[in-house]
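*Asks:* One predicted model, sequence on top.
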Amino acid sequence: MRWLYRPKHPNANANGLVDADLVYGDANYTGLYVISDEMEPTRHMADNQYFTSKSKFRENTRAHGCIEYGNEVRALTKPRNPVPLDRGKRRDDIRRAIYELRNGIRRGE
């Protein structure tokens, strides 16, 4: 017997599991899922070329020394350099911010 996680199925048990025969009606269902390499034409931000192949897009990304967000490896990314903190500058910045708030001064407009 195979179980599938389908918590909203009317025959689901307390754990959200349903017998595969009830879901598909055929115990031999393999549940194959194919992920295509094709995609909508997408512009690459490194060189403005358009790609319709995911593998070619990723190949171009690596060729330009970039990484896809979510696929990066910690060992390959550079750690950020800590910003040295200056107590005097920080104190002056806080004083200036309080002064600007109290006097209705808006910066960057």
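*Replies:* Structure received. Given the structure is predicted, the values throughout are model-derived calculations rather than measurements.
*Asks:* And what about the residue nearest the centre of the chain, helix, strand or coil?
*Replies:* Central residue check for the chain by C-alpha atoms, centre = their mean: the C-alpha nearest the mean position is that of residue 70, 5.0 Å away. With DSSP: H, G, I helix; E, B strand; the rest coil as the basis, the three-state label of residue 70 is coil.
*Asks:* Show the contacting residues for residue 55.
*Replies:* residue 37 (C-beta atoms under 8 Å, 6 or more residues apart in numbering). Where you see a C-beta, it was placed from the backbone N, CA and C, and this is true even at glycine.
*Asks:* how much space is there between it and residue 20?
*Replies:* 33 Å (C-beta to C-beta, to the nearest Å).
*Asks:* Over to residue 79?
*Replies:* Residue 79 is 47 Å from residue 20, by C-beta to C-beta.
*Asks:* Those two: who's more crowded?
*Replies:* The residue with more neighbours, out of residue 79 and residue 20, is residue 20; 18 against 6, by other C-beta atoms under 10 Å.
*Asks:* Could you report the separation of the more buried one from residue 13?
*Replies:* Note on residue 20: its distance to residue 13, by C-beta to C-beta, is 13 Å.
*Asks:* got it, and residue 98?
*Replies:* Between residue 98 and residue 13 the distance, using C-beta to C-beta, works out to 60 Å.
*Asks:* Tell me the secondary structure of residue 18, please.
*Replies:* Using three-state DSSP as the criterion, the local structure at residue 18 reads strand.
*Asks:* so how many other residues sit close to it?
*Replies:* Residue 18 is flanked by 21 other residues according to other C-beta under 10 Å.
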